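Peer 1: any chance you could fold what I've pasted below:
(2 chains, ligands or ions: 2)
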Amino acid sequence: MPRKKFEPGHDVEHLSILDEKGKLDSRLEPEIDDELLLKMHRTMLFSRRFDEALLKWQRQGRIGTFAPVSGQEAAQVGSAAVLEEEDWMVPAFREFAAAVWRGTPPVGLLLYTAGYNEGGAIPEEQHDLPIAIPVASQLVHAVGIAYGIKYREREQVVLTYFGDGATSEGDFHEAMNMAAVFSTPIVFVCQNNQWAISVPREKQARSRTLAQRALAYGMPGIQVDGNDLLAVYVATQEAVERARAGKGPTLIECVTYRLSVHTTADDPGKYRSEKEVKKWEKRDPIPRFQNYLGNKNLLSKDEIEKLEKEIKEEIQGVWHETEKQMERLGDPMDMFEYVFHEMPPYLEEQRDAYAEFLKERKENHDG
Amino acid sequence: MADLTMVEAINLALRQEMENDDRVLVLGEDVGVDGGVFRVTDGLIDEFGEERSIDTPVAEAGIVGMSIGMAIYGLRPVCEMQFSGFSYFAFHQVEGHAARMRWRSRGRYGIPMVIRMPYGGGVHALEHHSESREVIYAHTPGLKMVIPSGPRSARALLVSAIRDPDPVIFFESKLMYRSLREEVPDDEETLPIGESRVVREGSDLTMISYGAMLHRTLEAAEKLSEDDGVEPEVVDLLTISPLDDRKFTDSVRKTGRVVVVHEAPRSFGPAGEIMARINERSFYYLEAPVERVTGFDVHVPYFAREQAYLPDVDRIVYGARKALNA
Ligand SMILES: Cc1ncc(C[n+]2csc(CCOP(=O)(O)OP(=O)(O)O)c2C)c(N)n1
Ligand SMILES: [Mg+2]
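Peer 2: Numbering: from 1, shown residues only, chains lettered A, B, ... in the order given. Ligands and ions are numbered 1, 2, ... in the order given. Predicted coordinates:
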């Protein structure tokens, strides 16, 4: 037989459980504790409101550029929520909702966007990597961590985030391939938010789905409605179980949408229509999930209102705390820290010479 | 003559070269529909279509590698790295092939391409968006490394870079993109690659700089003139490699005192090479050790401390006085 169809060895599926009209496929509905459901809701809502506050502060010139998360809360919280504390989370640069879920203090996130390196500090007990701005570069680190887990025969898994644009970088392909070759415990969560700055998903890749790329590397791929928290949760749970059972990596494509600007330096009016944004606003993951919780009698309108108030106050508290910290921080000498474990002599010399210069300048100004 | 920002001046150079020569095309992330994240390529897609103003996937190695192929085939690609901090994703293509193809093919395949990229600090950007790593390119044989100091030199040098038979790395200061305007002639203007120029005459001190730091250096020179009564001569390098050492050699031989200013880190930075050339050519003319005012050997801190990293007028004056008073 000179010609025959090839079996790729894995499937590519699509999964949606709670659709955009709020219709639930109860056969697929996962069993999740009420408490966990409510916590996921709260984190999504907090992230949305925090995002809006950041945008406002940025426009007022109080903080710098950042990459808003609005629209992608379900893709992030629904996946991060599957992880255990000992698992690792390796983010790109838009994962504020996942970071909040993992326990990153919002004050840290705010300090970071206000231009303070201190904001990048990872709490000791948290197994997460800092923000990685070079697109797709973090994916290979995630594979390395996963290799370490396997080497040490631990139960942990790694979950790593990236965008649709990231799938065009060589690092993505190298990471996928190596993850599969070494059969590492890792879950690749692609947040396909339809845009890589101004380039739409269709111009980023010709393949019908991003999920199907998994097949070429020898791992399963699944495309989920990324604005459906339940679907994201289920797909991630399956992938994490696979990884923990030593069955290797999985690629999850969350189909979602960046409702806001790419970063605060971006003007989406240049490349996408209001109409498209409106269409996706109707698929907003948060009201959809609120509706679901409402139907389950877990969350009433009043409770949402109360929560909104609570979150508003919390965010104000975050601002005040950050402001207080900023007054204390900002010593320029900090820039010499953490370059090396031990500061080499030439760097000490530069630091001391700069301190001397600052001292003289101050004396001249004062005198 | 039009009063243009650097963004507009570079856009003019691209537009005119694309009009004149259908081999010229631009490619990169967001350079088409968006007109580039800094709007440098704004409108080119309307005038020349998406075949010549190409929105690529997010793939720097692909952008540079494809450009090398295009150049081999006879096109004149001008590709953009969205920020110099992401150009490392393409470095194996730059060092391994763009810089070497002429040499490897014994002259058969030159690589007439330009890689444009914004560099430098001072705009409150995120990590990887503020560095000044020109030495990486200047240190690579086979590459030319150009850093204009304003709208007019940017336009003229970019035209030369596009017409150059060899690969040119073209750094554009983000800080200068919109912060100053200059008269730029409507008609074609070029500046030779590999030639520096004296932008302020003086006889007491030679100040050497380029790019965004040139302006702080010029300010410092004025301050020294007013406060200290000395007249510094200021040299604008314009090209980092191949380094033109004739102008500053002449100047150093006249003044005997030198300060070199750049925002790149200090160790193994451009000042190191400049000081070596001064040592080789003008050692016996020196009246004082050569001073350098540079970025520190650290990562550019996030923006709350960014200004502390960058040389400012006070630091340049401080360094200059050391050279003057030694
Ligand atoms: C290597 C690299 N190239 C370019 C950039 C500039 N850049 C930042 S985000 C981005 C698009 C990324 O798109 P995607 O992966 O879809 O993530 P999204 O921003 O949509 O979350 C680009 C090109 C970068 N940060 N890193
Ligand atoms: Mg995207």
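Peer 1: going forward, measure contacts between C-alpha atoms and count neighbours the same way
Peer 2: Noted.
Peer 1: measure the most centrally placed residue in chain A to ligand 2 for me?
Peer 2: Against the mean C-alpha coordinate of chain A, by C-alpha atoms, centre = their mean, the closest residue is A:Glu95 at 2.3 Å. A:Glu95 sits at a distance of 12 Å from ligand 2 (criterion: C-alpha to the ion, to the nearest Å).
Peer 1: wait, what's in contact with that residue?
Peer 2: Neighbouring residues of A:Glu95 by C-alpha atoms under 8 Å, 6 or more residues apart in numbering or on different chains: A:69, A:76, A:161.
Peer 1: pLDDT below threshold where in chain A?
Peer 2: Flagging of chain A using pLDDT under 70 yields the residue ranges A:1, A:367.
Peer 1: I should have written the stretch 151-300 of chain B there, sorry.
Peer 2: For the stretch 151-300 of chain B, counting by pLDDT under 70, not a single residue falls below.
Peer 1: OK, now which residue of it is nearest to ligand 1?
Peer 2: At 14.7 Å from ligand 1, B:Lys174 is the closest residue in the stretch 151-300 of chain B, using C-alpha to the nearest ligand atom.
Peer 1: tell me the domain boundaries of chain A?
Peer 2: A:12-328, A:334-366 (automatic domain parsing).
Peer 1: out of the ones you listed, which is the most enclosed?
Peer 2: domain A:12-328 (a mean of 20; mean count of other C-alpha atoms under 10 Å in any protein chain shown).
Peer 1: ligand 1: which of the domains of chain A is closest?
Peer 2: Closest approach to ligand 1 among the domains of chain A (C-alpha to the nearest ligand atom): domain A:12-328, 3.3 Å.
Peer 1: and that closest one, end to end?
Peer 2: End-to-end distance of domain A:12-328 (C-alpha to C-alpha, to the nearest Å): 52 Å.
Peer 1: gap between it and the chain center?
Peer 2: Put simply, domain A:12-328 sits 4 Å off its chain's centre (C-alpha atoms, centre = their mean, to the nearest Å).
Peer 1: can you list phi and psi of A:Gly221 for me?
Peer 2: Dihedral pair for A:Gly221: phi -130, psi 140, per degrees, to the nearest 10.
Peer 1: need the helices for the stretch 1-150 of chain B, in chain order.
Peer 2: Here the stretch 1-150 of chain B has its helices, by DSSP state H, counting those that start in this stretch, at B:6-20, B:44-48, B:60-73, B:91-93, B:101-104, B:134-138.
Peer 1: what about these, which gets the closest to A:Ser198?
Peer 2: helix B:44-48 (13.6 Å; C-alpha to C-alpha).
Peer 1: follow-up on the earlier one: mind putting the helices of the stretch 1-150 of chain B into CSV with distance to ligand 1?
Peer 2: Formatted as CSV, these follow (distance: least, C-alpha to the nearest ligand atom, whole Å):
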stretch, distance to ligand 1
helix B:6-20, 19
helix B:44-48, 18
helix B:60-73, 7
helix B:91-93, 12
helix B:101-104, 25
helix B:134-138, 17
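Peer 1: could you report the neighbour count for the closest residue to ligand 1 within chain B?
Peer 2: Nearest residue of chain B to ligand 1, counting by C-alpha to the nearest ligand atom: B:Phe86, 4.7 Å away. Each residue near B:Phe86 was counted by other C-alpha atoms under 10 Å in any protein chain shown, and the total is 18.
Peer 1: correct me, but it touches B:His128?
Peer 2: Yes - with contact defined as C-alpha atoms under 8 Å, B:Phe86 reaches B:His128; the gap is 7.4 Å.
Peer 1: any common contacting residues for those two?
Peer 2: Here B:Phe86 and B:His128 have A:Pro134 as joint contacts, going by C-alpha under 8 Å, 6+ apart.
Peer 1: could I get the phi/psi values of A:Glu95?
Peer 2: With angles defined as degrees, to the nearest 10, A:Glu95 sits at phi -100, psi 50.
Peer 1: check contacts around the closest residue to A:Phe182 other than its chain neighbours.
Peer 2: Leaving aside its sequence neighbours, A:Phe182 sits nearest to A:Tyr147 (C-alpha to C-alpha, 6 or more residues apart in numbering or on different chains; 7.3 Å). Each residue near A:Tyr147 by C-alpha under 8 Å, 6+ apart is listed here: A:182, A:184-185.
Peer 1: so how far is B:Tyr109 from A:Tyr147?
Peer 2: 43 Å.
Peer 1: also B:Gly36?
Peer 2: For B:Gly36, the distance to B:Tyr109 (C-alpha to C-alpha) stands at 30 Å.
Peer 1: if I look at the residue nearest to A:Phe182, how far off is chain B?
Peer 2: Counting by C-alpha to the nearest C-alpha, to the nearest Å, the separation of A:Tyr147 from chain B is 24 Å.
Peer 1: the strand or helix carrying that residue near ligand 1 anywhere?
Peer 2: In this assignment (DSSP states H and E), A:Tyr147 forms part of helix A:137-151. No - judged by C-alpha under 6 Å from any ligand atom, helix A:137-151 stays clear of ligand 1, getting no closer than 7.2 Å.
Peer 1: could you point out the helix or strand that follows that helix?
Peer 2: Per DSSP H and E, the helix or strand that comes after helix A:137-151 is strand A:158-163.
Peer 1: gap between stretch B:127-142 and the chain center?
Peer 2: 10 Å.
Peer 1: that one and chain A in contact?
Peer 2: Yes - for a cut-off given as C-alpha under 8 Å from any C-alpha of the partner chain, stretch B:127-142 has contacts with chain A, namely B:127-128.
Peer 1: what sits up against that stretch?
Peer 2: With C-alpha under 8 Å, 6+ apart as the criterion, stretch B:127-142 contacts A:133-134, B:83-86, B:95, B:98-100, B:119-123, B:143-145, B:166-167, B:169, B:171, B:240-242, B:263-265, B:268-270, B:300-302.
Peer 1: near chain B, which residues of the stretch 101-250 of chain A?
Peer 2: Residues of the stretch 101-250 of chain A lying close to chain B by C-alpha under 8 Å from any C-alpha are A:114-117, A:133-134, A:165-166, A:168-170, A:196-199, A:203-205.
Peer 1: in strands only, show me these.
Peer 2: Members of those lying in strands (criterion: DSSP state E): A:196, A:199.
Peer 1: ok, and which of the residues of the stretch 101-250 of chain A next to chain B reach ligand 1?
Peer 2: A:133-134, A:165-166, A:196-197.
Peer 1: re earlier: would you check how far apart the residue nearest to A:Phe182 and A:Ala243 are?
Peer 2: A:Tyr147 is 12 Å from A:Ala243, by C-alpha to C-alpha.
Peer 1: shared neighbours, these two?
Peer 2: A:184-185.
Peer 1: now do the SS call for A:Ile222.
Peer 2: strand (DSSP: H, G, I helix; E, B strand; the rest coil).
Peer 1: which residues touch the residue in the stretch 151-300 of chain B that ligand 2 sits nearest to?
Peer 2: For the stretch 151-300 of chain B and ligand 2, the shortest gap (C-alpha to the ion) falls at B:Lys174, measuring 24.4 Å. By C-alpha under 8 Å, 6+ apart, the contact list for B:Lys174 reads B:118-123.
Peer 1: and for B:Ile208?
Peer 2: Here B:Ile208 is in contact with B:214, B:234-237, B:248, B:258-261 (C-alpha under 8 Å, 6+ apart).
Peer 1: isn't B:Pro232 right up against B:Glu201?
Peer 2: Yes - in this structure, B:Pro232 is within contact of B:Glu201 by C-alpha under 8 Å, at 6.8 Å.
Peer 1: more neighbours: those two, which one.
Peer 2: More neighbours surround B:Pro232 than the other of B:Pro232 and B:Glu201, with 27 against 14 (other C-alpha under 10 Å).
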